[in-house]
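Q: quick one, structure for this:
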Amino acid sequence: QVQLVESGGGLVQAGGSLRLDCAASGRTFSNYPMGWFRQAPGKEREFVAAISRTSSNTAYSVSVKGRFTISREYVKNTVSLQMSGLKPDDTGVYYCAAATSGWGPILTLSQYDYWGRGTQVTVSS
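A: Residues are numbered from 1 along each chain as shown. Okay, the predicted model is just below:
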């Protein structure tokens with residue numbers, strides 16, 4: 001089993017920055033490709049960013065590329081999402097996810113096996 005706990009969400013003005021962290025516990029963190037997804041009210045959960053097992057490769061959605069950066073820290077077993085240039089459209093619940101197969105980065109929601117409970121990000125205009 002893998003437990004994922006997100007933190008760092010909050011309310012920020014448009015143009016501002018936030019950093020989300022996801023703490024992983026339970027099994028060998030370095031074996032898992034990791035990802036961030038988000039879900040806005042009334043919308044489906046969507047891919048935001050992903051990182052491979054060794055951090056050698058990353059992937060981003062078109063809407064966040066150039067503004068968000070995903071990274072992971074193996075000693076602390078964390079994966080982070082640094083968000084800058086935030087827009088009201090970035091508002092939603094952000095979820096951390098871990099996949100137990102593949103190398104990554106993985107963009108497909110259904111390929112992830114473990115999910116955190118999410119952290120709310122609200123961007124005001």
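Q: would residue 89 count as being in a helix?
A: Yes - assignment of residue 89 by DSSP: H, G, I helix; E, B strand; the rest coil places it within a helix.
Q: doesn't residue 30 fall inside a helix?
A: Yes - per three-state DSSP, residue 30 lies within a helix segment.
Q: let's see the pLDDT reported for the residue nearest to it when sequence neighbours are not counted.
A: Taking C-beta to C-beta, 6 or more residues apart in numbering, and ignoring the residues beside it in sequence, residue 30 has residue 74 as its nearest neighbour in space, at 5.5 Å. Just so you know, the C-beta spots here come from the backbone N, C-alpha and C atoms, and that holds for glycine as well. Looking at residue 74, its pLDDT is 92.
Q: count the neighbours of residue 74 for me.
A: Residue 74 is flanked by 12 other residues according to other C-beta atoms under 10 Å.
Q: what distance do you get for the residue nearest the centre of the chain to residue 98?
A: Residue closest to the average C-alpha location in the chain (C-alpha atoms, centre = their mean): residue 36, at 2.2 Å. Residue 36 sits 11 Å away from residue 98, going by C-beta to C-beta, to the nearest Å.
Q: repeat for residue 49
A: Residue 49 sits 14 Å away from residue 98, going by C-beta to C-beta.
Q: report the set of residues contacting both of the two.
A: Taking C-beta atoms under 8 Å, 6 or more residues apart in numbering as the criterion, residue 49 and residue 98 both touch residue 35.
Q: name the residues linked to residue 34 by a beta bridge.
A: Counting by DSSP bridges, residue 34 is bridged to residue 51, residue 98.
Q: that one touches residue 50, doesn't it?
A: Yes - the criterion here is C-beta atoms under 8 Å, and residue 34 meets it with residue 50 at 6.9 Å.
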